[in-house]
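Enquirer: Here you go, sequence then predicted model.
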Amino acid sequence: MTLHRRHFLATAAAAAVLPAIGGARAAQGAFEITRTEAEWRAMLSDLQYEVMREEGTEPAFSSPLNDLKTEGTYLCRGCDLEIYASAHKFDSGTGWPSFWQSLPDAIGTREDRKLLFIVRTECHCRRCGSHLGHVFDDGPDPTGKRHCLNGVSLKFRAA
Ligand SMILES: [Zn+2]
């Protein structure tokens with residue numbers, strides 16, 4: 001095995017355990033709607049649980065909501081709160097549903113330091129604490145924000 005190969009494997013192994021180091025769970029703090037882990041498990045698929053309750057990330061381009069352009073409202077899958085509107089959706093090219101703003105009083109944010117050297121802004125439903133995605137500063141006008149969301153955390157209701 002070459003040195004380069006060994007270095008790659010070591011790096012890959014380190015990357016694989018990174019999420020565990022962070023150990024972040026959604027729903028830290030007091031939320032209006034709370035459920036036990038068993039209740040969340042019962043109402044969510046494995047992927048939905050991993051994303052919404054353990055701050056995982058769905059594969060890019062995996063959500064049918066990514067390409068959806070229908071007029072309507074996006075609800076939190078965890079509690080049906082209206083959190084985003086189709087009027088604020090844009091095609092970011094990232095493979096995740098993207099919005100330049102959330103609806104008023106819909107989300108909460110906090111610092112996410114799970115990635116080494118990168119501080120991101122995590123966003124979650126303000127009512128049930130379910131993880132939605134991250135907010136970045138490279139979005140379009142008028143806010144300049146890019147709310148990069150996991151489609152599995154959302155439900156869509158056509159207008
Ligand atoms: Zn919610």
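Expert: Now that the structure is in, tell me what you want to look at. Note that this is a predicted model, so its numbers are computed, not measured.
Enquirer: Helix or strand with the lowest mean pLDDT in this protein?
Expert: Using mean pLDDT, DSSP states H and E, the weakest-scoring helix or strand in the chain turns out to be helix 3-22, at a mean of 46.
Enquirer: SS state for the residue nearest the centre of the chain?
Expert: When CA atoms, centre = their mean is applied to the chain, the residue found nearest the centroid is Gly133 (2.1 Å). At Gly133, secondary structure determined by DSSP: H, G, I helix; E, B strand; the rest coil is strand.
Enquirer: Check what pLDDT it gets.
Expert: What the model reports for Gly133 is a pLDDT of 98.
Enquirer: same deal with Ala30?
Expert: We have a pLDDT of 85 for Ala30.
Enquirer: For it, grab the count of nearby residues.
Expert: As a burial measure, Ala30 scores 7 neighbours (other CB atoms under 10 Å). To be clear about C-beta, it is placed using only N, CA and C from the backbone, and glycine gets the same treatment.
Enquirer: Likewise for Pro104?
Expert: Around Pro104 there are 7 residues (other CB under 10 Å).
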